[in-house]
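A.B. asks: Structure for the following, please:
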Amino acid sequence: MTKLISRAASLLRNTTHKEQIDRELTEEVSSYVEMLTEEKMRDGMDEQDARRAALMEVGGVEQVKEEVRAARTGSALESFVMDVRYGMRSLLKKPAFTLTAVIALALGIGANTAIFSVINGVLLRSLSYANPEKIVMLWEANVAGSRLQNVVSPANFVDWQKQSTSFDQIAAVWD
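C.D. replies: The predicted structure follows:
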């Protein structure tokens, strides 16, 4: 828990006090280069050669600063914010393209939502009855006519209800 709190505090500090942290980083890297320069001068190098050797050993002040910035907590958030700003500027430069893209996305999302809702309601979700797998549909067959499924007459339905031994209940639905 303390690690999480310290990371959150570091993120807050890195995002709100960026200039101060950059100044401190510049001072730290510069003082390290100066310390290496003095060490090289004690070993017998002149000042200019010692500074050049120290900078080569460090790898360049700006490169070190960039590596530290990349490893810092919140650098991903900072990069994301910069990407969002760039994207918004690009979209605002071309409003016709932006409007077309937004409409296309809205239509695509709406169509997919509608299709999923229908499939979910019809195919994926089971019926809201106990034992829905036992529900069956009955109809009368008209062998002589062209229709294979006829509407059941009310009299036949009542007879089916009275004489049924295979079904718990029988109900009728008319369109």
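
A.B. asks: now what about whichever helix or strand Q63 is part of, what contacts it?
C.D. replies: Using DSSP states H and E, Q63 sits within helix 61-71. Here helix 61-71 makes contact (C-beta atoms under 8 Å, 6 or more residues apart in numbering) with 22, 25-26, 29-30, 33, 55, 58, 75. For glycine as for every other residue, the C-beta is placed from the backbone atoms N, C-alpha and C.

A.B. asks: so which pair among those residues is furthest apart in space?
C.D. replies: Taking C-beta to C-beta as the measure, the contacts of helix 61-71 span a maximum distance of 24.6 Å, between L55 and S75.

A.B. asks: residues of the helix holding Q63 that come out buried?
C.D. replies: 64, 69 (16 or more other C-beta atoms under 10 Å).

A.B. asks: Just give me how far it sits from the chain centre.
C.D. replies: Averaging C-alpha positions (C-alpha atoms, centre = their mean, to the nearest Å) puts helix 61-71 30 Å from its chain's average.

A.B. asks: and if you look at stretch 104-114?
C.D. replies: Put simply, stretch 104-114 sits 17 Å off its chain's centre (C-alpha atoms, centre = their mean).

A.B. asks: tell me which residues of that stretch are tucked away?
C.D. replies: Across stretch 104-114, burial judged by 16+ other C-beta under 10 Å covers no residue at all.

A.B. asks: one step back: return the members of the contacts of helix 61-71 classed as buried.
C.D. replies: 25, 29, 33.

A.B. asks: Kindly indicate which of those lies nearest R85.
C.D. replies: So of the buried ones among the contacts of helix 61-71, ranked by how close each gets to R85 (C-beta to C-beta), first place is L25, at 23.5 Å.

A.B. asks: mind checking which helix or strand the closest one is in?
C.D. replies: Assigned by DSSP H and E, L25 falls in helix 18-42.

A.B. asks: Now tell me what touches the helix or strand hosting L105 from outside.
C.D. replies: Element membership for L105 (DSSP H and E) is helix 95-119. Helix 95-119 is contacted from outside by 91-92, using C-beta under 8 Å, 6+ apart.
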